[in-house]
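Novice: Below is the structure, and that's it, no one-letter string:
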């Protein structure tokens, strides 16, 4: 480790307000995520669910609240609330929550404590954490593109 390493590390931690990549990522997220959420919500009523298929995971009576807990998010919600549960022999016909990484449900659980530790607080905290991770990934992608492309191309 060289004497300049702490200085280099400090300069690598660019503050939010001055970094164009963070603002670009936030604008993209604010411009696309509500539209994606709206299309998903409208598609539930326009197309419904396939006949003969098991109904999707439902934690709430409200379809808008159920949207963020579809697919793997439902598993993470169960882990955040109840913890990991081993139900015996793991086969190709059984599904268990022990196959999911712990960081996301742990963050959901901590954030939900602020909101009252309810199901809704877990769903809201999980949605916020996911959106924050999306913005961070976009900012990282912008920084990566900026290393190889000019400003306009990286922004696009």
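Specialist: Yep, it's here. All of these numbers come straight from a predicted model, not from anything done at the bench. Numbers count the residues shown, from 1 in each chain.
Novice: how about the residue positioned nearest the centre of the chain, secondary structure?
Specialist: The central residue of the chain, meaning the one whose C-alpha is nearest the mean C-alpha position (Cα atoms, centre = their mean), is residue 130 at 1.9 Å. In three-state terms, and counting by DSSP: H, G, I helix; E, B strand; the rest coil, residue 130 is helix.
Novice: residues in contact with it?
Specialist: Going by Cβ atoms under 8 Å, 6 or more residues apart in numbering, residue 130 touches 68, 73. (Glycine included, C-beta is placed from N, CA and C.)
Novice: What of residue 79?
Specialist: If you count contacts by Cβ under 8 Å, 6+ apart, then residue 79 has 97, 100, 102, 105 around it.
Novice: Show me just the buried residues among those residues.
Specialist: Buried residues within the contacts of residue 79, counting neighbours by 16 or more other Cβ atoms under 10 Å: 97, 105.
Novice: Looking at the contacts of residue 79, which is nearest residue 26?
Specialist: Closest approach to residue 26 among these (Cβ to Cβ): residue 105, at 25.3 Å.
Novice: ok, that closest one - contacts?
Specialist: Neighbouring residues of residue 105 by Cβ under 8 Å, 6+ apart: 76, 77, 79, 80.
Novice: Quick check on it: phi, psi?
Specialist: phi -60, psi -30 (degrees, to the nearest 10).
Novice: and it, how far is that from residue 51?
Specialist: Note on residue 105: its distance to residue 51, by Cβ to Cβ, to the nearest Å, is 33 Å.
Novice: Please apply the same query to residue 140.
Specialist: Distance from residue 140 to residue 51, counting by Cβ to Cβ: 42 Å.
Novice: Have a look at these two and say which one is more surrounded.
Specialist: residue 140 (12 against 5; other Cβ atoms under 10 Å).
Novice: residues touching residue 112, list them.
Specialist: Shown in contact with residue 112 (Cβ under 8 Å, 6+ apart): 80, 118, 121, 122, 124, 125.
Novice: Residue 44 and residue 65 touch, don't they?
Specialist: No - at 11.9 Å, residue 44 does not count as touching residue 65 under the criterion of Cβ atoms under 8 Å.
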